[in-house]
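> Curious how this folds, go ahead:
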Amino acid sequence: MNCQDTRELVHGYIDGELDLMHNVEIERHLRECATCAELYEGQQALRSAVRDRSLYFRAPQDLRQRVQQAVRREAGGTAQARVIRWPARRRWLTAAASIAAAVTLAVGLRPVLFRPSSGDLLAQQVLASHVRSLMASHLTDVPSSDQHTVKPWFNGKLDFSPPVKDLAAQGFPLAGGRLDYLDNRPVAALVYQRRKHFINLFIWPVAGGSATGGGVAALQGYHLIHWNQSGMNYWAVSDVNAADLEQFTRLIRE
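Predicted structure coming up:
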């Protein structure tokens, strides 16, 4: 993907409207192109600024009353004669106004009704990171099956220490770990194997909250499971079957 393609698609990328492959290509280009990365950051800043409530002005109540009074005065006298003289035109104008209002309302509501939730957007980020690690041949920064090698590798690279388990005996050998970036922060990515499949386990701290657990979600042929435990946020993603991924997450949570 070149700079022109990125500029044309960056708005859809920000709004979560692109498919997985376009998301991956744009993310790769943004990491390699400082100019487009600056454009992306500017669009994000503009989006945040537009949503700032301090920019909106609420008209005072007395202004609304004055407008209503002026409309009532204008509707009297000659306006009544025009209604009698051109009833068909009045009906046509009323119908046209109703249609215009309906279209305006539909257009205004579309971004609200169809905007992905924050959880959906994060799930798309998680999946994109998983696929990107497989496509870019950058599955691990520290390739090792030894938990005592992988865990210390993160020291000084993150502001937390991710828990690393050895699950080789249960059929999920550790393949290594790497740094990744999700939810606007660096995270730990632990890589496990299940036969010929890879499982990415993303971990980063969560602010407060009790332990939670979710079921398996399916997204574009992959399975994802998200839960919080002991102050950490966990996302497991893979193309293994749902039962295998559920077994893996149970072992991690024990």
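> need the strands for the protein, in chain order.
Shown for the chain, the strands assigned by DSSP state E span residues 142-143, 174-182, 185-194, 197-205, 212-213, 217-219, 222-229, 232-238.
> can you give me how far the last one is from the chain middle?
Distance of strand 232-238 from its chain centroid, counting by Cα atoms, centre = their mean, to the nearest Å, is 15 Å.
> now do stretch 241-254
Worked out by Cα atoms, centre = their mean, stretch 241-254 lies 24 Å from the chain centre.
> So for that stretch, what gets flagged as buried?
D244, L245, E246, Q247, F248, T249, I252 (16 or more other Cβ atoms under 10 Å). Quick note: C-beta positions are derived from backbone N, CA and C, even for glycine.
> would you put the C-alpha positions of that stretch in CSV?
Provided in CSV are the C-alpha atoms of stretch 241-254 (Å, rounded to 0.1, in the frame of the first residue of the first chain):
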residue,chain,number,x,y,z
ASN,A,241,-10.8,-24.8,17.1
ALA,A,242,-12.9,-23.2,19.8
ALA,A,243,-12.5,-26.2,22.2
ASP,A,244,-8.7,-26.1,22.0
LEU,A,245,-8.6,-22.3,22.7
GLU,A,246,-11.0,-22.7,25.6
GLN,A,247,-8.8,-25.4,27.1
PHE,A,248,-5.7,-23.2,26.6
THR,A,249,-7.3,-20.2,28.4
ARG,A,250,-8.4,-22.5,31.3
LEU,A,251,-4.8,-23.6,31.7
ILE,A,252,-3.6,-20.0,31.7
ARG,A,253,-6.1,-19.0,34.3
GLU,A,254,-5.3,-21.8,36.7
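> Run through the stretch 101-250 of the chain and note the low-pLDDT ranges.
101-119, 136-137, 208-214 (pLDDT under 70).
> and V206, what are its phi and psi?
The phi and psi values for V206, taken as degrees, to the nearest 10, are phi -120, psi 140.
> ok, how many other residues are close to it?
15 (other Cβ atoms under 10 Å).
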